[in-house]
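Colleague: no sequence for this one, just the structure:
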């Protein structure tokens, strides 16, 4: 299981009527999640949650146990995608105090880079504390488009009782 942390950094969620939780509330939620056996946490720089999640990991001595899944900012408009990706990774690693289990492209349009520059992405896995790469997708065709990728990818996609388009 994975605990999503978007709501920890912003007013997020269709059922969210109370807004962004306080630091104490976030720590209480993370404590309960940890006590319940949740070891994976989904975050992103765009959620403004990496710092508080990293603080929780550090304060509780969980650097070797917590599994963090985070994302790369959209690369739209970036002239030097390699520099932008490395900067994003370095900032995330600095925030977490632990390795990144999966580094996702937040924008599926950026995932073309994986197809076009596989050596660069292999080097990221070798040179940074990242276990694997992935892509956040919103349509099945985005997964199909990446089916010829030379790298093994993780996919993050919406799936719930009302949204079952990935079921097949």
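Modeller: Looks like it came in fine. This structure is a prediction, so every number in the text was calculated from the model and none was measured.
Colleague: neighbouring contacts of the host helix or strand of residue 82?
Modeller: For residue 82, the host element (DSSP states H and E) is helix 81-96. Surrounding helix 81-96, the residues in contact under the criterion CB atoms under 8 Å, 6 or more residues apart in numbering are 45, 50-51, 53-54, 57, 66, 68, 70, 72-73, 75, 78, 99-100, 103, 110, 113, 120, 124, 128-130. For glycine as for every other residue, the C-beta is placed from the backbone atoms N, C-alpha and C.
Colleague: also stretch 30-49?
Modeller: 1-6, 8-10, 12, 50, 53, 56, 60, 62, 65-71, 73, 88, 91-92, 101, 104, 106, 156.
Colleague: the spatially most central residue of the chain: helix or strand, and which one exactly?
Modeller: In the chain, the C-alpha nearest the mean C-alpha coordinate belongs to residue 70, at 2.0 Å (CA atoms, centre = their mean). Using DSSP H and E, the element containing residue 70 is strand 67-72.
Colleague: the inter-axis angle of that strand versus helix 81-96?
Modeller: 140 degrees (axes from the mean of the first three to the mean of the last three CA atoms, to 10 degrees).
Colleague: let me know the average pLDDT across stretch 97-108.
Modeller: For stretch 97-108, mean pLDDT rounds to 92.
Colleague: who's in contact with the residue nearest to the centre of the chain?
Modeller: 42, 43, 44, 45, 50, 92, 96, 100, 102, 103, 104.
Colleague: who wins for most neighbours among those residues?
Modeller: Within the contacts of residue 70, neighbour counts (other CB atoms under 10 Å) peak at residue 43, which reaches 27 neighbours.
Colleague: would you mind measuring from it to residue 70?
Modeller: For residue 43, the distance to residue 70 (CB to CB, to the nearest Å) stands at 5 Å.
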